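**Q** let me see the structure of the following:
(one chain, ligands or ions: 2)
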Amino acid sequence: MNAKKDIRKFSLEEMITEFEQLQEPKFRARQVYEWLWKKSARSFDEMTSLSKELRIKMQERFLLQAVQEHIVQKSKDGTVKLGMSLHDKRLIEGVMIPDDDRNTACVSSQVGCSLSCSFCATGFLKRDRNLDWGEIYDQVILLNKYALEYTNKPLTNIVYMGMGEPLLNYDNVMKSIRIITSPEGLNMAQKRITVSTSGIAKGITRLTDEGMKFNLALSLHAATDEKRDKIMEINHSNNLETVMNALTYFHQKTGNKVTFEYILFDKFNDTMEDADNLVKLYNKVPSFINLIEYNNVEGVTLKKAKSEKRNEFVAYLRNRGVNVAVRRSRGKDIDAACGQLANKNETAA
Ligand code: SAH
Ligand code: SF4
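**A** Residues are numbered from 1 along each chain as shown. Ligands and ions are numbered 1, 2, ... in the order given. Next comes the predicted model:
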């Protein structure tokens, strides 16, 4: 028995070879490739420029496992959360965040996450599986559709800040970025993409060597090993020195500044001493700091910092010349904010 092959796993060259075996010309393979990626076909039947006969042949030989929309929720502030189902009935989530001049898609890279950061709702789910690059790309396409529908504008930015740790699904994340930025896909500029990592030093070094130009954000959240160890397990194997060295290498080779994401937690990392430690790291590598408002998560002892504390913290950083932005949370009413993307691993009916 010949198992059906997943047609979305083929590169264009592989597609051409497959079509040669079907005694079909090269240009057909190109057409199918375009249907799959440029036109995001979700079934063979949609490929109307192909003969019915060929579509049946393809159906017999290949699988087309596109991500399907499951639930759409729209927040008061315009944020759209999209629940999507995968071919194996697993569910993932992605978010579209409209702003004055931009539409940002926040996409997932894994079902669940293996890293269990103590403050993150996704971390409470065990890592179930990596997403395939086509599944990451599909989220972008579906979120783009909502951007167009609700704002009349396409996506302008993509952040890998949904469920999962992108650098632990390295190959698929890189392939998804390649198709998003290629003319066969969305043709988006690499600088419009940001990958957020909890700090996988080897992954940072590896992506630096790829010579790509997307942005990198580090989920720092604590500026000493002692504190970071308490909330992020990954710090035990990838301590701050190792990660900072990798970030320095990234900056030296790409010329890009790094973004540090720092959630302010009440009485954990919101003192002036914490701010001072943060300034020290900031000064080690050309960077920006995003101070993130914590979305309290049920069952987590850490809570969002008081607003007076936040203001003092920001003032302290600004007085020292730090380039810092305060990020308010979006889509709170629909649990679409960072760290609230946890679909409890339910399966689609
Ligand atoms: N695994 C990657 C990317 C996904 S998390 C990473 O950790 O960077 C995206 C961002 O949301 C990270 O900075 C993460 O630390 C932050 N985050 C997680 N839970 C949050 C919460 N409850 N409130 C605010 N931000 C949260
Ligand atoms: Fe995983 Fe990132 Fe959440 Fe940590 S913060 S558990 S790495 S998704």
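**Q** can you list the domains in this structure?
**A** Here the domain parsing of the chain from automatic domain parsing is 5-63, 68-334.
**Q** contact residues of the chain facing ligand 1?
**A** Applying C-beta under 6 Å from any ligand atom, we find that the chain lies next to ligand 1 at 119-120, 161, 165, 196-198, 219, 261, 263, 292, 294-295, 297, 338-339. (Each C-beta comes from the backbone N, C-alpha and C, glycine too.)
**Q** buried only: go through those residues for me.
**A** For those, a burial check counting by 16 or more other C-beta atoms under 10 Å picks out 119-120, 161, 165, 196-198, 219, 261, 263, 292, 294-295, 297, 338-339.
**Q** coming back round to it: which of the residues of the chain next to ligand 1 fall in strands?
**A** 196-197, 219, 261, 263, 292 (DSSP state E).
**Q** and the residue positioned nearest the centre of the chain, how close does it get to ligand 2?
**A** Centroid-nearest residue in the chain, with C-alpha atoms, centre = their mean: Tyr160, separated by 1.6 Å. Distance, Tyr160 to ligand 2, using C-beta to the nearest ligand atom, to the nearest Å: 10 Å.
**Q** is that residue in a bridge, and if so with what?
**A** Val195 (DSSP bridges).
**Q** elements contacting the biggest helix by length in the chain?
**A** Scanning the chain for the longest helix, with DSSP state H as the assignment, gives helix 133-151. Under the contact definition 3 or more C-beta pairs under 8 Å, 6 or more residues apart in numbering; DSSP states H and E, helix 133-151 sits against strand 68-74, strand 80-85, strand 91-98, strand 103-106, helix 170-180.
**Q** and it, how far out from the chain's middle?
**A** Remark: helix 133-151 is offset 13 Å from the chain centroid, using C-alpha atoms, centre = their mean, to the nearest Å.
**Q** report the angle between the axes of that helix and strand 80-85?
**A** 150 degrees (axes from the mean of the first three to the mean of the last three C-alpha atoms, to 10 degrees).
**Q** quick check: buried residues in helix 133-151?
**A** So, applying 16+ other C-beta under 10 Å, buried residues of helix 133-151: 133-147, 151.
**Q** by how many degrees do it and strand 68-74 diverge?
**A** The directions of helix 133-151 and strand 68-74 differ by 40 degrees, with the same axes, to 10 degrees as the criterion.
**Q** residue in the stretch 201-349 of the chain nearest to ligand 2?
**A** Residue of the stretch 201-349 of the chain nearest ligand 2, by C-beta to the nearest ligand atom: Ser219 (5.6 Å).
**Q** correct me, but that residue touches Thr197?
**A** Yes. Contact criterion C-beta atoms under 8 Å: Ser219 and Thr197 qualify, at 6.9 Å.
**Q** and the residue of the stretch 1-150 of the chain closest to ligand 1?
**A** For the stretch 1-150 of the chain, C-beta to the nearest ligand atom, closest residue to ligand 1: Cys120, 3.8 Å.
**Q** just the pLDDT for that residue.
**A** pLDDT for Cys120: 91.
**Q** how about the residues of the stretch 1-150 of the chain by ligand 2?
**A** 113, 115-117, 120, 122-123.
**Q** list the beta-bridge partners for the residue lying closest to Leu302 once chain neighbours are set aside.
**A** Among residues not flanking Leu302 along the chain, Phe265 sits closest, at 4.6 Å (C-beta to C-beta, 6 or more residues apart in numbering). In this entry, Phe265 is beta-bridged to Lys304, by DSSP bridges.
**Q** what about Phe265, how many neighbours?
**A** 22 (other C-beta atoms under 10 Å).
**Q** can you give me the helices for the stretch 201-349 of the chain?
**A** Using DSSP state H, counting those that start in this stretch, the helices of the stretch 201-349 of the chain run over 201-209, 225-231, 234-237, 240-254, 272-282, 307-319.
**Q** now these in a markdown table, with mean neighbour count?
**A** As requested, those are exported to a markdown table (neighbours: other C-beta atoms under 10 Å):
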| stretch | mean neighbour count |
| --- | --- |
| helix 201-209 | 18 |
| helix 225-231 | 16 |
| helix 234-237 | 16 |
| helix 240-254 | 18 |
| helix 272-282 | 17 |
| helix 307-319 | 15 |
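**Q** any chance of TSV for the ones you listed, columns distance to Ala66?
**A** Formatted as TSV, those follow (distance: least, C-beta to C-beta, whole Å):
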stretch	distance to Ala66
helix 201-209	27
helix 225-231	37
helix 234-237	32
helix 240-254	33
helix 272-282	42
helix 307-319	42
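**Q** make CSV from those and add mean pLDDT to it.
**A** Formatted as CSV, those follow (pLDDT from 0 to 100):
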stretch, mean pLDDT
helix 201-209, 97
helix 225-231, 98
helix 234-237, 98
helix 240-254, 97
helix 272-282, 98
helix 307-319, 97
